[in-house]
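Visitor: One predicted model, sequence on top.
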Amino acid sequence: MNSNTMKKDRKYPFRVRLAGEIVAEIVLPLRQTGKIAVIATGLPSSPSKGELLHFLADQGYVAVFPRYRGTWESEGIFLKHSPARDIVDTIDALVSEPVLRDLATGQSFSLRVKTFHLFGFSFGGPAVILNSTHLLVSKVVAVSPVLDWTKEGEDEPFEKHVSFVTTGFGGVYRVEHKNDWQKLRRPDFYNPLTQTGDIDGRKIFIIHARDDRVVPYEPVLEFMTETNATVYLKPHGDHHLRLTHRFLWNKVAAFLSRR
């Protein structure tokens, strides 16, 4: 059975294991063009991203949603390394293993891999931005990204956020030590604003709402100056901007079509 036929016949995404530890879901487009979309999600967040996966597949992408190591179904320890490493390991695994096997059915399917577009949301913003220099990454879209962990939002200051995640999500986010959460505040770990030397702003498009009370928008302005990233500041929308909204997707599509 070829991959296109399987895509038409399946209601649910394929589920695969990448780099030994990372569990990812994949939805195929009707016809593969070599474009791969990798999603880096927020935290906390639901592992159900079927709507977004199918939306990106409808745009011609092989849509891939990996779970960070040490979260949800993936093995490993969360925050042992920067979550950006989980994204680059996902990219490298898809390049080195273009034939994958669905964990549920055992069916194999192949990928055509040419270029990657990365899509990061909130906590996942740094994971995609910090991989902008990867040779196979041609575009990065970050929605409401955390750019500086020292700049706290009114509704979710850092310690309150960590407390909510650890008490409200049980073993979903499995750190080795409680103080590992403090790594996020280190300037060299997962902070795009203090790692701009390792970032290619020409590839990056950021969407943020001015009234976001979870992740403040002000660091976006400094980041734009430092990196020449493209930015759209939406007057309203708080922290709940939807990439699938036609108005926002039109702006994203225009950026993705640039050469």
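Guide: Right, received. Where do you want to start? Just so we're clear, the structure is a prediction, and the values are computed from it rather than from any experiment.

Visitor: tell me the contacts of residue 29?
Guide: 7, 57-63 (CB atoms under 8 Å, 6 or more residues apart in numbering). Where C-beta positions appear, they are placed from N, C-alpha and C, glycine not excepted.

Visitor: for residue 80, same thing?
Guide: 69-70, 176, 180 are the contacts of residue 80 under CB under 8 Å, 6+ apart.

Visitor: Show me where this structure has its strands.
Guide: Listed in chain order, the strands of the chain (DSSP state E) span 14-18, 22-27, 35-40, 62-66, 99-101, 108-110, 115-121, 137-143, 204-209, 230-234.

Visitor: How far does the last one sit from its chain's centre?
Guide: Read that as strand 230-234. Centroid displacement of strand 230-234 relative to its chain, using CA atoms, centre = their mean, to the nearest Å, is 18 Å.

Visitor: partners of residue 14 in the sheet?
Guide: residue 26 (DSSP bridges).

Visitor: my guess is it meets residue 53, correct?
Guide: No: using CB atoms under 8 Å, residue 14 is not in contact with residue 53, being 10.1 Å away.

Visitor: shared neighbours, those two?
Guide: 25-27.

Visitor: Pick the one among those residues closest to residue 47.
Guide: Closest approach between these and residue 47, by CB to CB: residue 25, at 8.2 Å.

Visitor: Residue 33: how many residues sit nearby?
Guide: For residue 33, the tally of surrounding residues (other CB atoms under 10 Å) stands at 12.

Visitor: Kindly apply the preceding question to residue 224 instead.
Guide: For residue 224, using other CB under 10 Å, the count is 17.

Visitor: And for the one 5 residues further on?
Guide: In terms of burial, residue 229 registers 24 neighbours under the definition other CB under 10 Å.

Visitor: give me the number of residues near the closest residue to residue 99 other than its chain neighbours?
Guide: Nearest residue to residue 99, sequence neighbours excluded (CB to CB, 6 or more residues apart in numbering): residue 110, at 4.9 Å. Using other CB under 10 Å, the number of residues around residue 110 comes to 12.

Visitor: quick one: residue 110 and residue 207, what's the gap?
Guide: Going from residue 110 to residue 207 by CB to CB, to the nearest Å gives 33 Å.

Visitor: List the buried residues for whichever helix in the chain runs longest?
Guide: Ranked by residue count and defined by DSSP state H, the top helix of the chain is helix 83-96. For helix 83-96, a neighbour-count test (16 or more other CB atoms under 10 Å) marks 83-91, 93-94 as buried.

Visitor: helices or strands next to that helix in the packing?
Guide: Secondary-structure packing of helix 83-96 (3 or more CB pairs under 8 Å, 6 or more residues apart in numbering; DSSP states H and E): strand 14-18, strand 22-27, strand 35-40, strand 62-66, helix 125-129.

Visitor: That concludes my questions; thank you for your assistance.
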